[in-house]
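Enquirer: sequence first, then the predicted structure:
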Amino acid sequence: GESRTLNSIANSYVHKSEFKKAIRYFDECIYILESIGDINFEAAVLSNRGLAYQQFGNFNESLKNYLQSLSIYVSSKKEIPSYLYNNIGIVYLEIGSYNTALKYFNSALKIEEKEKKTLEQGYTIANLGRTFLYMEDFSNAIIYLSEALIIIKNCGDKQAESQVFSNLGKAYMRMRCYPEGIKYLDRALKYYSEIGDRSSVSHTLCELGELYFELNDYVTSKKYF
């Protein structure tokens, strides 16, 4: 009971973005779980601690926790949750190991298709598209992001839809398809504004500023910057 409570407190701190406190409670929780030999719940808590480190920006510790969690799931022959594969893929994406990221995203997608988790499939397909964007394979990026957009739109997740619009805008901009880039970045800007995501609004304004700069429209570029 104590271990479950510590895990819940830690998760609450993650939601409040107080990652140092969250990690401290996860540490206490894992210490108890190791002492009583509850490896099944330990795998879940390791995954949660990995997410705290990931959001804190410590990708090495995040990956270490995720892989420890994965190892427990594999050794105990338990079903591996798709979100664990997805989170591992995101960390590899952030550290530039794109092919490894694709491998984990595809593993997540297989599970989600089998379990018929439609919205989760949309997230994973969007992650695949973002990976191809980072790899500068813009054609594949647009294919996957467009597919993700259809799924996510039907499920009504406006935050995720905004992110897909943004990545589609970036992909078209990198391909020098500027009208399409403007269209999708404008949609992302509108949605981010509606949901009050000011950080993403500022990032999108910068992207539009960069786009108009490449068009030599310096007045409009300056306005967005």
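Expert: Sure thing, it's come through. Numbers count the residues shown, from 1 in each chain.

Enquirer: for the chain, which segments count as helices?
Expert: For the chain, the helices defined by DSSP state H occupy 2-15, 19-36, 39-56, 59-75, 82-94, 98-114, 118-134, 138-155, 158-174, 178-195, 198-214, 218-224.

Enquirer: mean neighbour count and mean pLDDT for those helices - can I get that in CSV?
Expert: Placement of C-beta: from N, CA and C, glycine included. As requested, the helices of the chain are arranged in CSV below (neighbours: other C-beta atoms under 10 Å; pLDDT from 0 to 100):
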stretch, mean neighbour count, mean pLDDT
helix 2-15, 16, 97
helix 19-36, 17, 97
helix 39-56, 21, 96
helix 59-75, 18, 96
helix 82-94, 22, 96
helix 98-114, 18, 97
helix 118-134, 22, 97
helix 138-155, 18, 96
helix 158-174, 22, 96
helix 178-195, 18, 96
helix 198-214, 16, 96
helix 218-224, 13, 97
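
Enquirer: I195 and S202: what is the separation?
Expert: 14 Å (C-beta to C-beta, to the nearest Å).

Enquirer: let me fix that, I meant to ask about P179.
Expert: For P179, the distance to S202 - C-beta to C-beta - is 23 Å.

Enquirer: just L149 next, same as before
Expert: 23 Å.

Enquirer: OK, contacts around the closest residue to I32 other than its chain neighbours?
Expert: Once flanking residues are discounted, I32 sits nearest to S3: 4.6 Å by C-beta to C-beta, 6 or more residues apart in numbering. S3 sits next to 29, 32-33, 36, 38, 41, 45 when contact means C-beta atoms under 8 Å, 6 or more residues apart in numbering.

Enquirer: one more time with 10 Å, if that's ok
Expert: For S3, the contact set (C-beta atoms under 10 Å, 6 or more residues apart in numbering) comprises 28-33, 35-36, 38, 41-42, 45.

Enquirer: my guess is G169 meets Y192, correct?
Expert: No. Applying C-beta atoms under 10 Å, one finds G169 not in contact with Y192, separated by 11.7 Å.

Enquirer: where do the contact lists of those two overlap?
Expert: T204.

Enquirer: in this protein, which residue is closest to the centre?
Expert: I90 (5.7 Å; C-alpha atoms, centre = their mean).

Enquirer: pull up the distance across stretch 214-225, start to finish.
Expert: 13 Å (C-alpha to C-alpha, to the nearest Å).

Enquirer: how close does I95 sit to A22?
Expert: Distance from I95 to A22, by C-beta to C-beta: 22 Å.

Enquirer: whoops, I mixed them up, R198
Expert: 23 Å.

Enquirer: wait, G181 sits on L208?
Expert: Yes. Using C-beta under 10 Å, G181 is in contact with L208, at 8.7 Å.

Enquirer: quick check: neighbours shared by these two?
Expert: With C-beta under 10 Å, 6+ apart, G181 and L208 have common neighbours 169, 173.

Enquirer: please state the offset of stretch 3-18 from the chain centre?
Expert: 20 Å (C-alpha atoms, centre = their mean, to the nearest Å).
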